[in-house]
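Colleague: Sequence first, then the predicted structure:
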Amino acid sequence: MWLGMGLVALLVVFFFILQMQSHQTVRKELDAKKEELKEAQTASRKMGELEKKSQELKLKENKMKKRVVVGDIQPLGLIKTITGSANKLGLRKISFELKSVSALASKDSKPVLVVPGSGPVPVYFQMKFNSTFSQTLKFLGDLKDLERIVTVEKIEIDRETSTLPYQPVTLDLMAYYFAE
């Protein structure tokens, strides 16, 4: 009888130990899964941040592509925009002349090579119009605020008494594009 009770007690202790080991194994698996969940949540947050940075970089790239376009050897869209701004301000006798790179390079004695992927390539053009001094200043402010990069290389204002208050103005302008 004592032997039977001892055997039952031994079996109960044996099953208790098995349950404890099983519980510890399940606890370790649970802790490992919790750790994996934390890592996944961290990665998810980083992924969200990376996607946000990617969107920001795409927006910057699009903005840059608008400021310096690709393959725009003759900037007709830019000239149309400039003409619209000039007409809005009331400038008169507006005309444009596209200047060749080689003609300007001989003045500066620096040859200009157009190599795809080498960086922005300048496009030179001249704009002539008649305007008052205040209109010219407003127009130059509008040029500065254009989405596309345009630099004013030279400003020439002639004095003609026959056209007062309008005076002939010549602007040597430069825009940029990326070669394809």
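Modeller: Thanks, I have the structure now.

Colleague: Next one, pLDDT for the residue most central in space within the chain please.
Modeller: For the chain, the residue whose C-alpha lies nearest the mean C-alpha position (C-alpha atoms, centre = their mean) is Lys60; its distance is 1.7 Å. Here the pLDDT value assigned to Lys60 is 84.

Colleague: Lys128 too?
Modeller: In the predicted model, Lys128 carries a pLDDT score of 91.

Colleague: How about the one 10 residues further on?
Modeller: The score at Lys138 is 90. That number is its pLDDT.

Colleague: repeat for the one 5 residues further on
Modeller: The confidence metric pLDDT takes the value 86 at Leu143.

Colleague: what pairs with the spatially closest residue to it that is not a sequence neighbour across the strands?
Modeller: Excluding its sequence neighbours, the residue lying closest to Leu143 (C-beta to C-beta, 6 or more residues apart in numbering) is Val150, at 5.5 Å. (Glycine included, C-beta is placed from N, CA and C.) Bridge pairing for Val150 (DSSP bridges) gives the partners Ala175.

Colleague: Same question for Asn130.
Modeller: Here Asn130 sits in beta bridges with Arg92, Pro168, as judged by DSSP bridges.

Colleague: contacting residues for it?
Modeller: Leu91, Arg92, Lys93, Thr163, Tyr166, Gln167, Pro168, Val169 (C-beta atoms under 8 Å, 6 or more residues apart in numbering).

Colleague: The same query, at a cut-off of 6 Å, please.
Modeller: Asn130 sits next to Arg92, Lys93, Tyr166, Pro168 when contact means C-beta atoms under 6 Å, 6 or more residues apart in numbering.

Colleague: Buried among those residues? Need that as a selection in PyMOL.
Modeller: The PyMOL selection below is limited to those of those classed as buried (16 or more other C-beta atoms under 10 Å):
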select buried, resi 166+168
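
Colleague: Among the contacts of Asn130, pick out the one closest to Met174, please.
Modeller: Pro168 (20.7 Å; C-beta to C-beta).

Colleague: so that closest one touches Arg159, yeah?
Modeller: No - in terms of C-beta atoms under 6 Å, Pro168 does not count as a neighbour of Arg159; the distance is 8.9 Å.
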